[in-house]
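Chemist: Pasted the sequence and its predicted model underneath.
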Amino acid sequence: MRRTAAVVGAFLALLALTACVPDDPTGDPTSGGPGSASSSSDGQHRTPKPNQLCDTADKGEHDLPEVDFADVQWTVPSGFVSSSAYSEEFPLEGDYIGLYAGPDDGIDTLNALGIVVYPQLELGPLMDACSRISDEAIDARLAQYHEIAPSTVLEGPDRTEVAGLPAVMEVLELPDYSWRTYWIFGRDQMMQVVCQWTDHRDRVEAACVDLVASIRFG
């Protein structure tokens, strides 16, 4: 059975010693796009709540602060170095900004870390009129991601927070490699943390803890 090319947030390592220059994956967070549509992620129109009902979030709803994911900062964990030798094989929400780190020694370069920022949500908006996002909307969007790039879910989905923002953690697997991913949602943006391994899971997982803890904005 051939190796599938569908990888959720996984990295495509570029060949070394090539004269080709990789495409610049940086998206423009100020440009307009499909994220301005009024339909929800599941294709259904959501009636905005009256302002007086925005005071208290319902169960399963999360307030979204004004944060620009394009301003993300992180500390590259020990054992890894910043690298431009990776890109997303299947961008999930259109244009993206990719920040990557590979191993600092001779191990398989598919043992890697990354933060992928989607400044626009090409699949449609998730935030409601109260600047909140619901677990229902998140679950529907994750289902779309899994359809775009199927893989085996080993752990999760587990709801959590990263840098004070609502997030979902999953561990995913393909025959050749696995990865821990955090899907982080903001106002009309999504950010994905990817910690991928082939044969050095303990090293990557330890670095992933440090990476997630170091994430900040501004």
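Modeler: Sure, I can see it. Residues are numbered from 1 along each chain as shown.
Chemist: is it true that residue 215 touches residue 163?
Modeler: Yes: between residue 215 and residue 163 there is a contact under C-beta atoms under 8 Å: 4.7 Å. C-beta here means a position set from N, CA and C on the backbone, and glycine is covered the same way.
Chemist: Give me the contact list for the longest strand along the chain.
Modeler: Among the segments of the chain that qualify as a strand by DSSP state E, the longest is strand 152-162. The list of residues contacting strand 152-162 from outside it, by C-beta atoms under 8 Å, 6 or more residues apart in numbering, reads 135, 139, 142, 146, 166-174, 178, 180, 182, 184, 193, 212, 215.
Chemist: residues contacting the most centrally placed residue in the chain?
Modeler: Ranked by distance to the mean C-alpha position of the chain (C-alpha atoms, centre = their mean), the top residue is residue 192 at 1.5 Å. Contact analysis of residue 192 by C-beta under 8 Å, 6+ apart lists 9, 92, 115, 116, 118, 181, 182, 183, 184.
Chemist: Export the residues you listed as CSV, with columns for pLDDT, secondary structure and distance to residue 55.
Modeler: Formatted as CSV, the contacts of residue 192 follow (pLDDT from 0 to 100; DSSP: H, G, I helix; E, B strand; the rest coil; distance: C-beta to C-beta, whole Å):
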residue, pLDDT, secondary structure, distance to residue 55
9, 47, coil, 36
92, 95, coil, 33
115, 98, strand, 34
116, 98, strand, 34
118, 98, strand, 30
181, 97, strand, 34
182, 98, strand, 29
183, 97, strand, 28
184, 98, strand, 25
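Chemist: Closest one of the residues you listed to residue 103?
Modeler: For the contacts of residue 192, the closest approach to residue 103 (C-beta to C-beta) belongs to residue 115, at 16.8 Å.
Chemist: Ignoring the adjacent residues along the chain, who's closest to that closest one?
Modeler: residue 99 (4.6 Å; C-beta to C-beta, 6 or more residues apart in numbering).
Chemist: Sheet partners, orientation included, of the strand or helix carrying that neighbour?
Modeler: Assigned by DSSP states H and E, residue 99 falls within strand 97-103. Strand 97-103 pairs in its sheet with strand 80-83 (antiparallel), strand 112-118 (antiparallel), by DSSP bridges.
Chemist: Nearest to residue 53, out of those?
Modeler: strand 112-118 (29.3 Å).
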